[in-house]
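Novice: Could you look at this predicted model? Sequence included:
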Amino acid sequence: MLIKIAWRNVWRNGLRSGVVIASIAMGIWAGLFIISVSAGLNEQRTKDAISTYLSDIQIHNKDFVKDNNVEFRIDNMDAVRQSLSDNPNVKACAERVVLNGMVSSSTGGYGARIMGVNPEQEKAVSSMYEKLVDGTYFEGMKSNPVFIGKKLAEKLKVDVRKKIVLTFQKDNGDIVTGAFRVVGIYKTSNSKADEMNVFIRAEDANRLLEESAGIHEVAIVANEAAVVDTTAGTLGAELPGLSVRTWREVSPDLGFADEMMMQMLYIIIGIILLALSFGIVNTMLMAVLERKRELGMLMSVGMNKTKVFFMIVLETVFISLVGGPLGVLLGYATVTYFGTAGIDLAVVGKGLESFGMSTMIYPNLESGFYLNVTVMVVVAAILSSIYPARKALQLKPAEAVRAI
Amino acid sequence: MSAVIKTNNLQKYYNPGESLEVRALDGVTLEIERGEFTAIVGPSGSGKTTLLNIIGGLDHETAGTATIGDTTITALSDNELIDFRLNNIGFVFQAYNLIPVLTAQENVEFIMLLQNKSKEERQRRTAELLKEVGLGDKMNSRPMEMSGGQQQRVAVARALASKPQFVLADEPTANLDSQSTSDLLDIMAELNQKENVTFLFSTHDQRVIDRARRVITLEDGKIISDEKR
């Protein structure tokens, strides 16, 4: 009967309860949507970084990790190749020459990270070839082709087939300069990286390096995300002299953002619920104060304090249980729709690209998050009901029963 | 006849010892026997409501004792009083005070639910009581769908649902028209005579006073007359 009374009490003032329910639903919906967009942005940023520059696992000379110097090559490449071919979790790998140097054109010079790659091998670990916006991906040019980012091309004021000069050092400090011709221009969602990374063929890099030739980095793609850590562990054990790191270790900022995101999402939902709680407290307090006489009667005829308290809590929980799941359902529908259709944020594209984010956002939320949010709504409702329920208990039945 | 209600030198002072001290009850001693149909009358501020509140276990005395049956309720804690009220006292309020979201049947049944009575007993007794107050056909009506007189009759049925030792009615006819008042008094008088239910009213209403078989008059917190008819 208490449940019946509480439920019917919710609908005594349908408009007021409806407004509170709508505000809870809209708050939760808006919260979930904002969070899903943030999570989608972050996930996309991470995926883009992994699929273009990072790959799942990277192997380096241990000294190269501390100091990106040309002399810290991977000496035992044969052992590395053997380990990789023996490991069933390794889907693909690519060898890279990594040089820090300068790229210049007639208009000026800029610092760059020069990546010497085997274009065909690279296709298996990086989607960079898909980011082509002009020219080709190392095709149709036999001598010293270079693949550069759109942002860098704009800074250097060069187009496809224009010449640029790459400068870097050998082991002994001698400066090597090579003239390269732009074979293709790419554009990823990370404009900062596009500005920094220049791709040439590993054979061209090693030819210029002469006695300093070698491999500095092996990029590996695992069969699936779940085996990345175990694969890195296995390879690390097999190649003790080398640094074997997952993308989280190579780019701690990305890993940190990934871990922090979930905590941030809960904090955001917590703040939304806190704001909603004030509305719930206010509504329930009004409901209690305008029903003084009825509550006074209930206490007069022998309804004990626990039951009165429970009745008020139940009313609050019912309001939240209608509004909360409605908001979660709306949120789920919106996230599912835009998760497939995407949201085009081209208007703020430049700002997002400078943070390494794509302008096409696909909101995404883990399914467990919806359940957790529903639980959080109920907990917030119970906490919000405590103050109005305590107010009800403080009523003196003899006075309350005559209240106007 | 055995006394259902006994008060001994009952006093209720507001702001005791201060210049604005109000003596709402100033030494009230009375006995109400089982089956009485008693009206407590007096001008506003005479202490009628205060007396009913203390006898009903809704308020605490400053001094003196109030005993219901064998229980000195003035010695009970607030939580003990809640249970005592539930099982021993029926209340009829001036403004009916039914639960608006429940039907007449549910309003009456609710008290027995608080007493943890079985569903069969609750339904049987509710049907009996509503029939006795002439509302057998209004069981599924909500308070908003009934007249004031009908609501007050539901309130009487509710007051009797817990099989109390007596029913306290605070100005039960104050909001009723003549016909409803007459109907309600007929029902209460019949319950009193046929089932020996003890009724104690506070009232200003001459129609109620005329029907009472005992009239206790209060003034300034003291009994100034006690007339048995």
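Specialist: It's in. Numbers count the residues shown, from 1 in each chain, chains lettered A, B, ... in the order given.

Novice: okay, CA-based contacts and neighbour counts for the rest of this
Specialist: Fine.

Novice: does residue 44 sit in a helix or strand, and which one?
Specialist: Picking chain A for this. Element membership of residue A:44 [criterion: DSSP states H and E] is helix A:14-49.

Novice: Can you look at chain B instead?
Specialist: Under the criterion DSSP H and E, no helix or strand holds residue B:44.

Novice: Next secondary structure after the helix holding residue A:44?
Specialist: On the C-terminal side of helix A:14-49, the nearest following helix or strand under DSSP H and E is strand A:57-61.

Novice: what's that next one packed up against?
Specialist: Counting contacts by 3 or more CA pairs under 8 Å, 6 or more residues apart in numbering or on different chains; DSSP states H and E, strand A:57-61 packs against strand A:217-222, strand A:242-246, helix A:247-250.

Novice: Can you tell me what sits against that strand?
Specialist: Contacts with strand A:57-61, where a contact means CA atoms under 8 Å, 6 or more residues apart in numbering or on different chains, come from A:72-75, A:216-222, A:228, A:232, A:241-247, A:250.

Novice: and with 6 Å instead?
Specialist: A:72-74, A:216-220, A:242-247 (CA atoms under 6 Å, 6 or more residues apart in numbering or on different chains).

Novice: near chain B, which of the residues you listed show up?
Specialist: With CA under 6 Å from any CA of the partner chain as the criterion, the contacts of strand A:57-61 include none near chain B.

Novice: what's the closest of these to chain B?
Specialist: Distance ranking of the contacts of strand A:57-61 against chain B, using CA to the nearest CA, places residue A:247 first at 61.5 Å.

Novice: Please name the nearest non-neighbouring residue to that closest one.
Specialist: Once flanking residues are discounted, residue A:247 sits nearest to residue A:56: 5.3 Å by CA to CA, 6 or more residues apart in numbering or on different chains.

Novice: could you pull out the strands for the stretch 251-400 of chain A?
Specialist: Along the stretch 251-400 of chain A, counting by DSSP state E, counting those that start in this stretch, strands occupy A:343-344, A:360-361.

Novice: Show me what the first one is packed up against.
Specialist: Which is strand A:343-344. Contacting strand A:343-344 under the criterion 3 or more CA pairs under 6 Å, 6 or more residues apart in numbering or on different chains; DSSP states H and E are the following elements: strand A:360-361.

Novice: tell me the average confidence for the strand it packs on?
Specialist: Per-residue pLDDT values across strand A:360-361 average out to 78.

Novice: what does it rub up against?
Specialist: Contact with strand A:360-361 is made by A:342-345, as judged by CA under 6 Å, 6+ apart.

Novice: Closest to residue A:166 out of those?
Specialist: Closest approach between the contacts of strand A:360-361 and residue A:166, by CA to CA: residue A:345, at 35.3 Å.

Novice: now the most centrally placed residue in chain A: how far from residue B:157?
Specialist: The structure's chain A has its C-alpha centroid closest to residue A:42; by CA atoms, centre = their mean the separation is 1.9 Å. Taking CA to CA, to the nearest Å as the measure, residue A:42 falls 66 Å from residue B:157.

Novice: just residue A:271 next, same as before
Specialist: The value you get for residue A:271 to residue B:157, if CA to CA is used, is 50 Å.

Novice: Between those two, which has more neighbouring residues?
Specialist: Higher neighbour count among residue A:271 and residue B:157: residue B:157, with 30 against 13, using other CA atoms under 10 Å in any protein chain shown.

Novice: dump the residue contacts of the residue in the stretch 301-404 of chain A positioned nearest to chain B.
Specialist: Ranking the residues of the stretch 301-404 of chain A by distance to chain B (CA to the nearest CA) places residue A:302 first, at 4.1 Å. Listed by CA under 6 Å, 6+ apart, the contact partners of residue A:302 are B:82-83, B:85-86.

Novice: Among the residues you listed, which are located in helices?
Specialist: If you go by DSSP state H, the contacts of residue A:302 have B:82-83, B:85-86 in helices.

Novice: which one of these has the most neighbours?
Specialist: residue B:86 (25 neighbours).

Novice: Secondary structure class of the residue nearest to the spatial centre of chain B, three-state.
Specialist: Most central in chain B under CA atoms, centre = their mean is residue B:168, positioned 1.1 Å from the mean C-alpha point. On the three-state scheme (DSSP: H, G, I helix; E, B strand; the rest coil), residue B:168 is labelled strand.

Novice: quick one: it and residue B:200 touch, right?
Specialist: Yes. Using CA atoms under 6 Å, residue B:168 is in contact with residue B:200, at 5.0 Å.

Novice: Do I have it right that residue B:221 meets residue B:27?
Specialist: No. Using CA under 6 Å as the test, residue B:221 is too far from residue B:27 to be in contact (7.5 Å).

Novice: From residue B:5, how far out is the closest residue to chain A within chain B?
Specialist: In chain B, the residue that lies nearest chain A is residue B:86 (4.1 Å; CA to the nearest CA). Residue B:86 sits 16 Å away from residue B:5, going by CA to CA.

Novice: Low-confidence ranges, chain B, go.
Specialist: B:1 (pLDDT under 70).

Novice: Up against chain A, what does it have?
Specialist: Contact residues (CA under 6 Å from any CA) of chain B with chain A: B:58, B:82-83, B:85-86, B:101.

Novice: Go again with 8 Å.
Specialist: Counting by CA under 8 Å from any CA of the partner chain, chain B comes close to chain A at B:53, B:58-59, B:79, B:82-87, B:89-91, B:97-99, B:101-102, B:110-111, B:113-114.

Novice: In strands, which of those appear?
Specialist: Of those, the ones assigned to strands by DSSP state E are B:89-91.

Novice: between those, which has the most around it?
Specialist: Most surrounded of these: other CA under 10 Å gives residue B:90, at 29 neighbours.

Novice: is that one in a bridge, and if so with what?
Specialist: residue B:167 (DSSP bridges).

Novice: was I right about it contacting residue B:162?
Specialist: Yes. The pair residue B:90 / residue B:162 is scored as a contact, 7.3 Å apart, by CA atoms under 8 Å.

Novice: Chain B: strands as residue ranges?
Specialist: Using DSSP E, the strands assigned to chain B run over residues B:3-14, B:22-33, B:37-41, B:63-68, B:71-72, B:89-92, B:166-170, B:199-202, B:214-219, B:222-228.
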